[in-house]
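[1] Please find the sequence and the predicted model below.
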Amino acid sequence: MEPENTSPTPPIAQTPDTTPLANTQIPTPQPQTPARPTGRKVLCIEDEHFIGELYARALGKSGYEVLVVTDGQKGLEAAQTDKYDIILLDLMLPNITGIEILQALRDPTKTPELRAKIIITTNLEQREDVRAAIEKQADGYLVKAELTPRELAAFVDTVK
């Protein structure tokens with residue numbers, strides 16, 4: 001007959017291999033070393049909040065300062081009022097389309113000081129003539145479904 005456990009602490013839980021859990025070491029998460037700032041600013045005009053956040057995290061880890069805007073009109077206003085090095089521009093946006101934003105940003109009477117590189121990001125399949133016209137005004141064209149956020153950051157690193 002075993003003596004009754006009268007101690008106030010409960011018995012130590014055991015794993016199937018009979019190792020007490022109290023002896024298990026849980027690794028302490030190490031803080032991530034932030035990337036060295038690149039000094040470059042990115043405006044991401046993307047109506048899908050989740051995608052915008054993925055891009056912002058990936059670019060932030062690469063040292064970019066990122067602003068995500070989910071509305072076309074607000075994105076155009078941000079591009080016209082602040083200086084960005086790169087603009088990631090979705091085509092399907094609320095209030096004003098990405099194509100309308102692209103045309104406004106490339107119009108020297110509306111944005112004479114714009115020096116940002118404009119990269120179109122879309123999941124839409126474009127006819128070749130439409131895609132060629134967009135690429136003629138944009139500095140790059142990416143299909144979102146074909147790249148990871150890390151690949152996007154690597155691509156942005158190559159944009160000069």
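    Perfect, thanks for sending it.
[2] Spell out the secondary structure type for the residue nearest the centre of the chain.
    Per C-alpha atoms, centre = their mean, the C-alpha nearest to the average position across the chain is that of Tyr55, at 0.9 Å. Of the three states, Tyr55 takes helix under DSSP: H, G, I helix; E, B strand; the rest coil.
[3] mind checking how far it is from Cys44?
    As for Tyr55, its distance to Cys44 is 5 Å (criterion: C-beta to C-beta, to the nearest Å). (Glycine included, C-beta is placed from N, CA and C.)
[4] shared neighbours of those two, which are they?
    Common contacts of Tyr55 and Cys44 (C-beta atoms under 8 Å, 6 or more residues apart in numbering): Val66, Val68, Leu88.
[5] and the nearest residue to Ile45 once chain neighbours are set aside, how many neighbours does it have?
    Nearest in space to Ile45, with sequence neighbours left out and distances taken as C-beta to C-beta, 6 or more residues apart in numbering, is Gly75 at 3.4 Å. For Gly75, the neighbour count with other C-beta atoms under 10 Å is 28.
[6] Gly75: helix or strand, and which one exactly?
    helix 72-81 (DSSP states H and E).
[7] List the buried residues for that helix?
    Going by neighbour count (16 or more other C-beta atoms under 10 Å), the buried part of helix 72-81 is Gly72, Gly75, Leu76, Ala78, Ala79.
[8] Could you dump the shared contacts of Tyr55 and Cys44 into a markdown table and include secondary structure?
    Output for the shared contacts of Tyr55 and Cys44, formatted as a markdown table (three-state DSSP):
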| residue | secondary structure |
| --- | --- |
| Val66 | strand |
| Val68 | strand |
| Leu88 | strand |
